[in-house]
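S.K.: have a look at this fold, sequence not included:
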């Protein structure tokens, strides 16, 4: 019956937040993967700049997710 | 002994060592403006909502979830915007002294690469369609090729007359060889 006690509004909201953060991280990682694929075809000099921009987004969404596990 | 022979940097994946890139073309950026305006509005709305969520949601936990979703959605919208920009930036038409290449990236993971040797080009047509193209001087080049080779379209590019001339000159040169 301990499991039933775990289902509180607070925990449900926490899980919702984790799912949203996970979704955000997956999406940004997909964009990063796409960028790497694009660069494979046409070699652009602006690639490092693009990489930094998308890496910032990956870092932010990753830190959002990690905060739930290290709080 | 040091070999000081300079090597040209490779501009695309299948570029030959002796191949020289003459022109790199992109679709007119003006045509990207509709989604860019929508993207700016969505980002603006998401930032604007941040001040109003606490005022209409009394439950603290729910307000926290909504605020968290808002920030995550902003990140996803930014990533989506960047992805659209990358797709436009990397969708290039390349004219080299040996062939024409058309790289087309539309959505996440969808790509099409068409290649055609200069010697196989039969004719180059300019087609002007749409009000935006007319307004901003964009045109589509239809490059017809012989046999089973695929035709190539350079869509909505600037200076179409100049590009047509470059391709015609290259074709003439290749046919005279």
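M.R.: Sure thing, it's come through. For clarity, every value in this text was computed on a predicted model and none was experimentally measured.
S.K.: can you pull the buried residues of stretch B:43-62?
M.R.: By neighbour count on 16 or more other Cβ atoms under 10 Å in any protein chain shown, the buried set for stretch B:43-62 is B:46, B:53. Backbone N, C-alpha and C define where each C-beta goes, glycine included.
S.K.: list the buried ones in stretch B:117-132?
M.R.: Neighbour-count burial for stretch B:117-132 [16+ other Cβ under 10 Å]: B:118, B:119, B:120, B:121, B:124.
S.K.: please enumerate the helices of chain B.
M.R.: With DSSP state H applied, chain B shows helices at B:33-56, B:60-90, B:131-136, B:160-176, listed in chain order.
S.K.: let me redo that: chain A
M.R.: Using DSSP H, helices in chain A cover A:2-6, A:9-41, A:47-66.
S.K.: out of those, nearest to residue B:61?
M.R.: With distances scored as Cβ to Cβ, the stretch of the helices of chain A nearest to residue B:61 is helix A:9-41 (4.9 Å).
S.K.: the inter-axis angle of the closest one versus helix A:47-66?
M.R.: If you take axes from the mean of the first three to the mean of the last three Cα atoms, to 10 degrees, helix A:9-41 sits at 160 degrees to helix A:47-66.
S.K.: how about the residues of chain B by chain A?
M.R.: B:9-13, B:61-62, B:64-65, B:68-69, B:71-73, B:75-76, B:78-80, B:82-83, B:86-87, B:89-90, B:92, B:94, B:103, B:105, B:108-109, B:111, B:113 (Cβ under 8 Å from any Cβ of the partner chain).
S.K.: quick revisit: looking at the helices of chain A, which is closest to chain B?
M.R.: helix A:9-41 (4.0 Å; Cβ to the nearest Cβ).
S.K.: which non-adjacent residue is nearest the residue positioned nearest the centre of chain A?
M.R.: Centroid-nearest residue in chain A: residue A:25, 1.3 Å away (criterion: Cα atoms, centre = their mean). Spatially, and ignoring its direct neighbours in sequence, residue A:25 is nearest to residue A:61 (4.4 Å; Cβ to Cβ, 6 or more residues apart in numbering or on different chains).
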